[in-house]
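Peer 1: Generate coordinates for the sequence data below:
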Amino acid sequence: MRRQSGLGVPLFSLATARAWGVGEFRDLAEFAGWAAEAGQSVLQILPINEMPPGEKSPYSAMTAMALDPIYISMADVVDFEALGGETAFGAGDARILARVRQAPRIRYEEVRDLKQRWLRKSFERFLSLEVARGTPRSARLDEFAAAQGWWLDEYALFRALKFQHDERAWTEWPKALAAAEPAAVQQARAALHTEITYRKYLQWIACEQWAEAKRLAWPIRILGDLPFMISTDSPDVWARQPEFRFDATIGVPPDEFSETGQDWGLPPWRWEVMAGNDYAWMHARARRYADLFDGFRIDHLIGLYRMYIRPTDQARPPFFEPSNEADQIRLGETLIGILRRDVANAGADADGSAGLDVIAEDLGVIPPFLYESMVRLGLPGMKVLRWERDWDHPDQPSSDPLEFSERSVATTGTHDIEPLAATPEGATEAQRDAILRSLLSASSSLTLIPIQDVFGWPDRINTPAVVDDINWTWRLPWPVDTWIDRENTVARADALREWTRAADR
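Peer 2: Numbers count the residues shown, from 1 in each chain. Next comes the predicted model:
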């Protein structure tokens, strides 16, 4: 395997000076330019699927397929620029834009409202000047809709129905629509044609911008993040109701993050029903991720083997499903096999030569059989330096990174834990630099460094089991389009490049 090194950072944190208060698709390419100067070859981002209104966590997306329009770069929207771009703003919108750009943290609600308002205006122009005339741009949307119809038709209809019902959950829609009865669905599809087209228009723009950002980011490879489950209020669940259960939710047992465990409020799947259609939904997710990314991480890997189910009837205790180890192993290895094969069939680099096809988040309370399964599958797992210790030794000494498995991903941390600068062992720059050099020396084929650890920032992205106004709102302190020329960022890139090359990555 080729030794590689990369950086971990959420897309939402990567705002440029021209961005509207949140990292946008095109901003990824700007940051990739700096990452390349720093000797890195990979960027690992968090999920970028569309979140519901009012949500900030990328792991609570309302769709497993569609990109979030909040990441659209408005300056690259042809119809918006034709309307005059930002010069067309009234005083109110100009104030909002200035406020979200200057805010130290992401103001999701204001950003989303402002973008949606001007994306609506852009779409109205597109209808009147492009669709009405049958222009080449109108034809391009039709071509996109036809090529992506296998996921887009379901999503756009669902999104139009949510808009029609004031963003209420589908469980609150009229009975026939909530049950996705064919006659009601067909009637809604005809009545909501314009709104459906608008949702397809947004995805067309988002997908074209994403593809262009990836092209400009090359040779930096982009790793996505695949949540193992999706929200109840999603087109995926609405259209496949027999495949999910609604009398319980998924979470995790008590662990070091929470004495009571966590309840994620997500619906468990009925794995025996999904098996009846050869796990068609998982095949579709793998195909979509293969289209979007150069590889991806499976979040909460153990969730593919077994779900920790919390019944809504609190008189019933939580339980694992499947209940026995043999079925858990069979299910997990089946689903992982689907993900890896479908990535390979889509043309992604799934032969393991770069170690970047599919990697797995295998952290937390993990049963021994999972590690045995990963070895059988040749699936790389995560090695978090601070957690790799001889826990049975009285002094609990740290493990030597040189002894890590080649088929693994070594990292200093994840989005769910505090950065090095917030720990005693990373209190000084000298300590942090030593840790980074130790990480890069690891035998793991891939190392990933959270961007906070590169610069010694203590800011964390998320605190598990906590719902507040801080989680998921962190932005880099400087616009990323200035990093290639800033003295401090250039100096840090030089140091990181030197350490990476010395480690033969």
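
Peer 1: roughly how far apart are L28 and L448?
Peer 2: 16 Å (Cβ to Cβ, to the nearest Å). From N, CA and C alone the C-beta is placed, and that goes for glycine too.

Peer 1: before we move on, what about A75?
Peer 2: For A75, the distance to L448 - Cβ to Cβ - is 30 Å.

Peer 1: Neighbour count: the two, which is higher?
Peer 2: A count of neighbours by other Cβ atoms under 10 Å puts L448 above the other of A75 and L448, at 27 against 15.

Peer 1: quick one: the helices in the stretch 1-150 of the chain?
Peer 2: Using DSSP state H, counting those that start in this stretch, the helices of the stretch 1-150 of the chain run over residues 25-37, 78-82, 91-102, 108-126, 136-147, 149-164.

Peer 1: Next, give phi and psi for the residue lying closest to E388 once chain neighbours are set aside.
Peer 2: With Cβ to Cβ, 6 or more residues apart in numbering as the criterion, E388 has its nearest non-adjacent residue at 4.0 Å, and that residue is S399. With angles defined as degrees, to the nearest 10, S399 sits at phi -70, psi 150.

Peer 1: how deep is S399 tucked in, by neighbour count?
Peer 2: By other Cβ under 10 Å, 15 other residues sit near S399.

Peer 1: Quick one: residues contacting it.
Peer 2: E388, R389, D390 (Cβ atoms under 8 Å, 6 or more residues apart in numbering).

Peer 1: Go through those and single out the one with the most neighbours.
Peer 2: E388 (18 neighbours).

Peer 1: Tell me the buried residues in stretch 323-338?
Peer 2: Residues Q328, I329, L331, G332, E333, T334, L335, I336, I338 are the ones in stretch 323-338 that count as buried (16 or more other Cβ atoms under 10 Å).

Peer 1: swap that for stretch 96-103, please
Peer 2: Here stretch 96-103 shows I96, L97, V100, R101 as buried, counting by 16+ other Cβ under 10 Å.

Peer 1: now, among the residues you listed, which is nearest to W281?
Peer 2: Nearest to W281 out of the buried residues of stretch 96-103 is V100 (Cβ to Cβ; 35.7 Å).

Peer 1: My assumption is that A176 lies in a helix; please confirm.
Peer 2: Yes. A176: assigned to a helix according to DSSP: H, G, I helix; E, B strand; the rest coil.

Peer 1: these two touch, right, it and Q186?
Peer 2: No. Counting by Cβ atoms under 8 Å, A176 stays clear of Q186, with 11.0 Å between them.

Peer 1: out of these two, which sits in the more crowded spot?
Peer 2: Using other Cβ under 10 Å as the criterion, A176 and Q186 rank with A176 on top: 14 against 10.

Peer 1: mind listing what P380 touches?
Peer 2: G355, I359, A360, M374, R407, S408, V409, S444, S445, L446.

Peer 1: Is the third one in contact with H300, as I believe?
Peer 2: So that's A360. No. Counting by Cβ under 8 Å, H300 is not a contact partner of A360; they are 9.2 Å apart.

Peer 1: neighbour count winner among those two?
Peer 2: A360 (24 against 20).

Peer 1: Would you mind measuring from that one to A191?
Peer 2: The value you get for A360 to A191, if Cβ to Cβ is used, is 44 Å.

Peer 1: What's opposite L223 in the beta bridge?
Peer 2: Beta-bridge pairing of L223 under DSSP bridges involves Q44, G295.
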